[in-house]
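**Student:** I'd like to go over a predicted model; first the sequence, then the structure.
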Amino acid sequence: MINVNSLVKILKQNSCDFYTGVPDSVLKELSYYLQKNKNHVIATNEGSAVSIGIGHYLSTKKIPCVYMQNSGLSNALNPLISIAHKKVYNIPLILLIGWRGSPNIKDEPQHNVKGKITREILKLLNIKYVILKTKKDLETFNQKIKISKKNNTILAGLIEMGTLEKSKTKKQKGIFNLDKELFFKTLLENLDKKMKVISSTGYNSRELMYVRKKYNLNKGKDFYMVGGMGHTSSVALGYSLKNKKKIICIDGDGSFLMHLGSIKTIGSFAKKNLKYILLNNNTHDSVGGQETFVKNIELKKFSKSLGFKNFYEINKKDQLKKIIKKFIKNNSLDFLEVKVSNSKISKLPRPSDLIKIKKEFMNND
Ligand SMILES: Cc1ncc(C[n+]2csc(CCOP(=O)(O)OP(=O)(O)O)c2C)c(N)n1
């Protein structure tokens, strides 16, 4: 196992003291360590994180540390290839990559696919990597960082689930109180039979699935976005344009921010049958509770200026039923923000038979 302090120490020895990235459960101990660090930027997507790192290098000549989950490596490809690559601007970066679905570890389907090809992607990009498991690997990493700095190349550290030693730091609490389970229950009770729901990566899809089963609520069909974080709203838009039925998109705030431009596309192109729900807990709850900073956005002005017709906000239990009923009944492109607490359910199920879920979702009976 690896202690985050030892990892950070090695980076520091190499004048690397600036961190940017998108949170990941594998790397949550690093997030906890960085909580009070002023040289740390939580980015909304991995391409932005790499780009922030590139900017840091241009202004300081110091190598930055960019962290991400391997699923986000694909978001990072553009700036990694078209800006930082050896044959373009040749910019040194240290990547710390949470390696979900590594061949040694049993994981979910979407992670298994990415986990298997993560090293091949790095090889294609000419990025050298070290698998970080032990203190000895840290020493190798240290040596390779020095070479990276000398040649201005990119170096990656691959970190598997369970490698980083647990610290005493506890996950930060959210800032809102409304129970998410109660929200899901009320929503499902008020859905029309033929409605479709598309829900985001993170706890949202898992909670939706859990609440359906727990209370035996069967109206409507769900499509759980187990991967493709940030693309829930786009899938919902694409679906809604060729379907007359009402379609509900349930997004998390981290997911909403990851490709925020998609919300503008909805504002410009969606019809009246698309309904967007932002489940706002102001955190990346499912990967360690890191702040998303969504609370600083004036969502009413924001959504209206993008083309949504009505904006609703729920932050108390007694508003749930009335506002949800109205939101569902309206025949207009509406935005509902629900300020919810972090998840309180301890053992959330995970969608597993994805092909079955897809078939059931596509069945219009
Ligand atoms: C491209 C990509 N980057 C990072 C992750 C890791 N990840 C999974 S869920 C999640 C947080 C999502 O936050 P939010 O949408 O607010 O949902 P919550 O966790 O609060 O349920 C992150 C960062 C991912 N799955 N995909």
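**Tutor:** Good, I have the coordinates. Residues are numbered from 1 along each chain as shown.
**Student:** Distance check, the residue located most distally from the centre of the chain against the ligand.
**Tutor:** In terms of distance from the mean C-alpha position of the chain, residue 150 ranks first, at 33.5 Å (Cα atoms, centre = their mean). Between residue 150 and the ligand the computed distance is 31 Å (Cβ to the nearest ligand atom, to the nearest Å). Glycine gets a C-beta too; all of them are placed from N, C-alpha and C.
**Student:** May I have the phi/psi pair for that residue?
**Tutor:** The phi and psi torsions at residue 150 (degrees, to the nearest 10) take the values phi -60, psi -40.
**Student:** now the one 5 residues further on
**Tutor:** Reported as degrees, to the nearest 10, the phi and psi values for residue 155 are phi -130, psi 140.
**Student:** where's residue 237 relative to residue 306, distance?
**Tutor:** 13 Å (Cβ to Cβ, to the nearest Å).
**Student:** How about residue 206?
**Tutor:** 28 Å.
**Student:** likewise residue 16?
**Tutor:** Residue 16 is 39 Å from residue 306, by Cβ to Cβ.
**Student:** For those two, indicate the residue with more neighbours.
**Tutor:** residue 16 (22 against 16; other Cβ atoms under 10 Å).
**Student:** what's the neighbour count on the residue lying closest to that one once chain neighbours are set aside?
**Tutor:** The shortest distance from residue 16 to any non-neighbouring residue, by Cβ to Cβ, 6 or more residues apart in numbering, is to residue 63 (4.9 Å). Using other Cβ under 10 Å, residue 63 has 25 other residues around it.
**Student:** check contacts around residue 63.
**Tutor:** Contact partners of residue 63, counting by Cβ atoms under 8 Å, 6 or more residues apart in numbering, are 14, 15, 16, 57, 92, 93, 94, 145, 148, 149.
**Student:** Show me which of the residues you listed are buried.
**Tutor:** Buried members of those, counted by 16 or more other Cβ atoms under 10 Å: 14, 16, 57, 92, 93, 94, 145, 148, 149.
**Student:** Turn those into TSV, columns for pLDDT and secondary structure.
**Tutor:** As requested, the buried ones among the contacts of residue 63 are exported to TSV (pLDDT from 0 to 100; DSSP: H, G, I helix; E, B strand; the rest coil):
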residue	pLDDT	secondary structure
14	98	coil
16	98	coil
57	98	helix
92	98	coil
93	98	strand
94	98	strand
145	98	helix
148	97	helix
149	96	helix
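**Student:** Make CSV from those and add distance to residue 3 to it.
**Tutor:** Compiled in CSV, the buried ones among the contacts of residue 63 are given as follows (distance: Cβ to Cβ, whole Å):
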residue, distance to residue 3
14, 17
16, 17
57, 27
92, 25
93, 23
94, 18
145, 17
148, 22
149, 23
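**Student:** who does the helix or strand harbouring residue 120 touch, helix- and strand-wise?
**Tutor:** Residue 120 belongs to helix 109-124 when assigned by DSSP states H and E. On a contact count with 3 or more Cβ pairs under 8 Å, 6 or more residues apart in numbering; DSSP states H and E, helix 109-124 meets helix 73-79, strand 93-99, strand 128-131, strand 154-160.
**Student:** most packed of the ones you listed?
**Tutor:** Most buried of those, by mean neighbour count (mean count of other Cβ atoms under 10 Å): strand 93-99, with a mean of 26.
**Student:** any idea of the angle it forms with helix 109-124?
**Tutor:** Angle, strand 93-99 to helix 109-124, by axes from the mean of the first three to the mean of the last three Cα atoms, to 10 degrees: 150 degrees.
**Student:** and the angle from strand 93-99 to strand 154-160?
**Tutor:** Interaxial angle of strand 93-99 relative to strand 154-160 (the same axes, to 10 degrees): 20 degrees.
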